[in-house]
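Q: predicted model follows, preceded by the sequence.
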Amino acid sequence: MSRARILIAGLIGAYLTLTLLDRFKLIELLVIRTGLPLLLACIEAIAIIGCGFALRSRRWTELDPVLDFLIGYPLFGAVCFLTGTLSVTKWTMLALLLAGALFGAFALARWIETGSAQQAADSRSSIDRFDSYALVCLGLVLFCALLFVQAPPFSLDELAYHLAVPKSWVLEGRAIDLPLLSHSYFPLGIESADLPLLTLLGDDGALASHVLHLFAAIAATLLIHRKTKNLLLTAAIATTPALAITAGWSLVDWPLTGIAAALWIALDEGDDSAASAAIAAGLLTKYTFIPIAGIALLASRRWRPALVGAAAGSVFFVRNLILTGNPLAPFFSGGAPSVSHYRGAAFLSDYVFDTRFIDESLGASLLALAPFAAGAIPIALALAGVALFFLAPSSRLLVPFFTIPAMSAEPAVRSRAWLRWMLAIAIAAQTLLVFFLTDRSAPFSVLMAESEQSFLTKQRASFASISWLNRVLPASSRTLVIGTGESFWFSRRVRAGGNFDSARISAYLEAPTAEALREKLRRDGITHVALITLTAPPTEVAQKIEERQTHLTPAAQKTLSMLLDHFTSSVTAHGDVTLFELK
């Protein structure tokens with residue numbers, strides 16, 4: 001084919017493509033909605049890589065964008081949190097973001113300049129039919145994740161604390177104590193990384209947060225594949241429904257899974273520097289990492305990484321010790337949320353698939369690989385996962401414990417054809433389940449035509465009430481919200497509980513007299529009380545109802561009723577919400 005013909009064909013193709021993009025307005029609307037959040041997320045991703053590199057290594061040739069992103073994510077968040085304890089403003093967060101991005105960009109530039117990037121790109125291996133099949137399934141899961149990325153946050157945990165806590169800090173102008181929200185005492189390294197995004201973009205920062213969490217899911221998947229060198233095995237882990245469905249949500253399951261994998265790889269390869277960095281990152285991410293790190297260190301008998309990692313990852317433990325006297329708050333104290341027996345009785349079949357907890361299905365492949373675990377750390381983690389299983393926790397708590405054993409099963413997968421076929425069937429079923437969950441949540445409707453407000457009204461019963469409160473509450477108000485823990489969408493300062501915080505809210509409201517309660521509210525700056533009466537969620541599972549609704553004790557109800565009878569200057573009702581302005 002002549003060059004002229006190739007040039008003409010290229011010009012025609014470019015014209016047709018540009019015409020399609022111009023006429024297909026949905027693409028234009030998508031770019032308008034997500035363009036700025038995507039740009040800011042990419043800038044922060046560079047800053048995160050720089051933080052991870054600074055903690056893990058000192059030589060430019062040792063930069064590892066995948067590993068450094070996973071390690072740097074909670075580390076950058078911890079820096080944002082420490083800065084936020086002084087001030088959360090556009091100027092402080094922008095300065096922090098730009099400083100981190102400049103260092104990260106410089107590190108990436110030096111990494112590319114030294115030729116390390118080209119060496120990483122050249123390290124490819126041939127693929128077989130199972131690998132091609134796995135790539136297709138991974139691509140389908142990625143497509144579903146992209147649909148969730150562009151949708152506004154609507155999952156319970158996002159609205160109750162993952163995004164709600166940093167949003168509250170943004171509204172308050174500082175990272176303050178939130179005693180009514182038990183989950184605000186969890187390690188919040190990942191969540192605190194959203195402070196620059198929410199400060200600079202407002203609620204659209206949640207979309208940027210979704211992008212960062214998708215980057216974390218991709219990085220964790222790449223790290224898993226780099227260790228296993230088996231695409232089918234990688235897909236068997238990544239298509240686990242409870243994990244795959246959250247790839248586009250602002251949850252910590254993917255970052256934690258990637259960090260746990262990074263710790264095992266570092267210990268297996270004798271890399272103390274990377275192990276220390278992974279321990280620090282894990283402790284900044286979630287309490288669940290404590291037993292994972294403890295088991296890994298005991299099984300490997302390597303103690304040197306623990307000291308440096310524990311010191312660097314102690315930020316939120318020290319914070320809790322200062323605020324509550326308990327480094328593991330809210331656990332082992334009054335009003336602790338219940339995490340055991342979340343799934344009721346511990347039946348393996350229910351964890352594989354249960355229509356009552358369909359978004360927490362573990363599927364088949366991850367658990368099926370556990371018996372093939374090889375090595376001290378994978379076997380120890382598999383046994384710990386089995387022991388944890390009898391406490392019937394949320395299935396997402398179990399995922400990191402079984403991911404490492406699954407990764408170590410690569411020799412068994414490579415040598416047994418029947419196992420590869422079984423995994424292929426399981427991966428297909430799990431991918432189909434991810435598609436079903438995506439379709440049920442309808443994130444595609446936001447991309448097509450439905451407004452975000454209409455989408456959220458359908459997804460969350462509390463959204464209409466919160467929207468009304470945002471319109472009527474004064475800008476200087478601080479409202480005590482009772483009845484829902486989904487506080488992310490508030491644009492005014494609020495105090496609310498979270499998941500399983502009924503006991504904590506009741507203890508706050510219980511007082512000897514109405515006058516004593518009014519004085520407590522005055523000290524906390526509370527100007528209004530909002531009572532939101534929501535219809536019980538469409539489930540018969542007692543744990544889910546307890547998780548979502550606030551049930552006050554009789555003593556708390558009595559004191560609150562007396563307070564609202566004697567110290568209210570005005571009352572306004574709308575739909576499911578009643579707003580009281582206090583004298």
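A: Done, it's in.
Q: and stretch 471-479, C-alpha only, in CSV?
A: The C-alpha atoms that make up stretch 471-479 are tabulated as CSV, following Å, rounded to 0.1, in the frame of the first residue of the first chain:
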residue,chain,number,x,y,z
ARG,A,471,-31.0,24.4,51.3
VAL,A,472,-32.5,25.6,54.6
LEU,A,473,-29.6,25.4,57.0
PRO,A,474,-27.6,28.6,57.6
ALA,A,475,-24.0,28.6,56.4
SER,A,476,-22.8,29.0,60.0
SER,A,477,-24.8,26.2,61.4
ARG,A,478,-23.6,23.0,63.0
THR,A,479,-26.4,20.3,63.1
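Q: pLDDT on the helix or strand in which residue 145 is found, on average?
A: If you go by DSSP states H and E, residue 145 is part of helix 129-150. Helix 129-150 shows a mean pLDDT of 92.
Q: how about the CA coordinates for that helix, as PDB?
A: Extracted in PDB, the C-alpha atoms of helix 129-150 (Å, rounded to 0.1, in the frame of the first residue of the first chain):
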ATOM      1  CA  ARG A 129      -5.300 -19.300  25.400                       C
ATOM      2  CA  PHE A 130      -6.000 -19.200  29.100                       C
ATOM      3  CA  ASP A 131      -4.100 -15.900  29.400                       C
ATOM      4  CA  SER A 132      -6.100 -14.400  26.500                       C
ATOM      5  CA  TYR A 133      -9.300 -15.500  28.200                       C
ATOM      6  CA  ALA A 134      -8.100 -14.000  31.500                       C
ATOM      7  CA  LEU A 135      -7.300 -10.700  29.800                       C
ATOM      8  CA  VAL A 136     -10.800 -10.500  28.400                       C
ATOM      9  CA  CYS A 137     -12.400 -11.100  31.900                       C
ATOM     10  CA  LEU A 138     -10.100  -8.600  33.500                       C
ATOM     11  CA  GLY A 139     -11.000  -6.100  30.800                       C
ATOM     12  CA  LEU A 140     -14.700  -6.600  31.400                       C
ATOM     13  CA  VAL A 141     -14.200  -6.100  35.200                       C
ATOM     14  CA  LEU A 142     -12.300  -2.900  34.400                       C
ATOM     15  CA  PHE A 143     -15.200  -1.700  32.200                       C
ATOM     16  CA  CYS A 144     -17.600  -2.200  35.100                       C
ATOM     17  CA  ALA A 145     -15.100  -0.300  37.400                       C
ATOM     18  CA  LEU A 146     -15.000   2.600  35.000                       C
ATOM     19  CA  LEU A 147     -18.800   2.900  35.100                       C
ATOM     20  CA  PHE A 148     -18.600   3.100  38.900                       C
ATOM     21  CA  VAL A 149     -15.800   5.600  38.800                       C
ATOM     22  CA  GLN A 150     -17.800   8.200  36.800                       C
END
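Q: and after that helix, which helix or strand comes next?
A: Using DSSP H and E, the helix or strand that follows helix 129-150 towards the C-terminus is helix 156-157.
Q: other SSEs contacting that next one?
A: Here helix 156-157 touches no other helix or strand, going by 3 or more CB pairs under 8 Å, 6 or more residues apart in numbering; DSSP states H and E. Where you see a C-beta, it was placed from the backbone N, CA and C, and this is true even at glycine.
Q: hmm, who's touching the helix holding residue 145?
A: For helix 129-150, contacts defined as CB atoms under 8 Å, 6 or more residues apart in numbering pick out 30, 33-34, 127, 207, 210-211, 214, 217-218, 221, 231-232, 234-235, 238-239, 244-245, 247-249, 420, 424, 427-428, 431, 434-435, 437-438, 441, 443-444, 446-447.
Q: 6 Å - rerun?
A: Residues outside helix 129-150 that contact it (CB atoms under 6 Å, 6 or more residues apart in numbering): 34, 210-211, 214, 231-232, 235, 239, 244, 247-248, 420, 427, 431, 434, 438, 443-444.
Q: buried stuff in the helix or strand where residue 412 lies?
A: Following DSSP H and E, one finds residue 412 within helix 410-415. Neighbour counts over helix 410-415 (16 or more other CB atoms under 10 Å) mark 410, 412-413 as buried.
Q: burial of residue 355, as a residue count?
A: 7 (other CB atoms under 10 Å).
Q: thinking again about what came up before, now the buried residues of helix 410-415 in a markdown table, with distance to residue 330 and pLDDT?
A: Output for the buried residues of helix 410-415, formatted as a markdown table (distance: CB to CB, whole Å; pLDDT from 0 to 100):
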| residue | distance to residue 330 | pLDDT |
| --- | --- | --- |
| 410 | 39 | 93 |
| 412 | 41 | 93 |
| 413 | 41 | 92 |
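Q: looking at those, which is nearest residue 47?
A: Nearest to residue 47 out of the buried residues of helix 410-415 is residue 410 (CB to CB; 33.7 Å).
Q: and that closest one, how far from residue 373?
A: 11 Å (CB to CB, to the nearest Å).
Q: helices and strands around the helix holding residue 412, which ones?
A: Applying 3 or more CB pairs under 6 Å, 6 or more residues apart in numbering; DSSP states H and E, we find helix 410-415 packed against no helix or strand.
Q: which SS state does residue 569 fall under?
A: For residue 569, the assignment made with DSSP: H, G, I helix; E, B strand; the rest coil gives strand.
Q: give me the pLDDT value at it.
A: We note a pLDDT of 87 for residue 569 in this prediction.
Q: residue 583 is in contact with that one, correct?
A: Yes. The pair residue 569 / residue 583 is scored as a contact, 4.8 Å apart, by CB atoms under 6 Å.
Q: can you give me the helices in the stretch 101-250 of the chain?
A: Remark: helices assigned in the stretch 101-250 of the chain by DSSP state H, counting those that start in this stretch are 116-122, 129-150, 156-157, 164-172, 189-192, 195-201, 205-228, 231-238, 241-244.
Q: lowest average pLDDT across the ones you listed?
A: Among these, helix 116-122 carries the lowest mean pLDDT, a mean of 56.
Q: nearest to residue 488, of the helices of the stretch 101-250 of the chain?
A: Residue 488 lies closest, by CB to CB, to one member of those: helix 164-172, at 4.3 Å.
Q: now do the buried residues in that closest one.
A: For helix 164-172, using 16+ other CB under 10 Å, the buried residues are 164-171.
Q: which residue packs closest to residue 57, ignoring adjacent ones?
A: Nearest non-adjacent residue to residue 57, counting by CB to CB, 6 or more residues apart in numbering: residue 273, 6.4 Å away.
Q: any idea how far the one you found is from residue 305?
A: 8 Å.
Q: again, but for residue 483
A: From residue 483 to residue 305 the distance is 46 Å (CB to CB).
Q: neighbour count winner among the two?
A: With neighbours defined as other CB under 10 Å, residue 483 and residue 305 compare such that residue 305 has more, 25 against 22.
Q: neighbours around the residue nearest to the more buried one when sequence neighbours are not counted, how many?
A: Excluding the flanking residues, the one nearest residue 305 by CB to CB, 6+ apart is residue 275, at 3.7 Å. When neighbours are counted by other CB under 10 Å, residue 275 registers 29.
Q: does residue 275 touch residue 266 like I think?
A: Yes. Between residue 275 and residue 266 there is a contact under CB under 6 Å: 3.9 Å.
Q: which residues do those two both contact?
A: Shared contacts of residue 275 and residue 266 (CB under 6 Å, 6+ apart): none.
Q: please, which helix or strand holds the residue nearest to residue 57?
A: helix 272-283.
Q: residue 581 too?
A: If you go by DSSP H and E, residue 581 is part of strand 577-582.
Q: which other helices and strands contact that strand?
A: Packing partners of strand 577-582 (3+ CB pairs under 6 Å, 6+ apart): strand 528-532, strand 568-574.
Q: by how many degrees do the last one and strand 577-582 diverge?
A: In this case it means strand 568-574. Using axes from the mean of the first three to the mean of the last three CA atoms, to 10 degrees, the inter-axis angle of strand 568-574 relative to strand 577-582 is 170 degrees.
Q: CA-only coordinates of stretch 93-104 in PDB, if you can.
A: Extracted in PDB, the C-alpha atoms of stretch 93-104 (Å, rounded to 0.1, in the frame of the first residue of the first chain):
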ATOM      1  CA  MET A  93      -3.800  21.400  50.300                       C
ATOM      2  CA  LEU A  94      -2.800  22.800  47.000                       C
ATOM      3  CA  ALA A  95       0.700  23.500  48.200                       C
ATOM      4  CA  LEU A  96       1.000  20.000  49.600                       C
ATOM      5  CA  LEU A  97      -0.300  18.500  46.400                       C
ATOM      6  CA  LEU A  98       2.000  20.500  44.100                       C
ATOM      7  CA  ALA A  99       5.100  19.800  46.300                       C
ATOM      8  CA  GLY A 100       4.400  16.100  46.200                       C
ATOM      9  CA  ALA A 101       3.600  16.100  42.500                       C
ATOM     10  CA  LEU A 102       6.900  18.000  41.700                       C
ATOM     11  CA  PHE A 103       8.900  15.400  43.600                       C
ATOM     12  CA  GLY A 104       7.000  12.500  42.100                       C
END
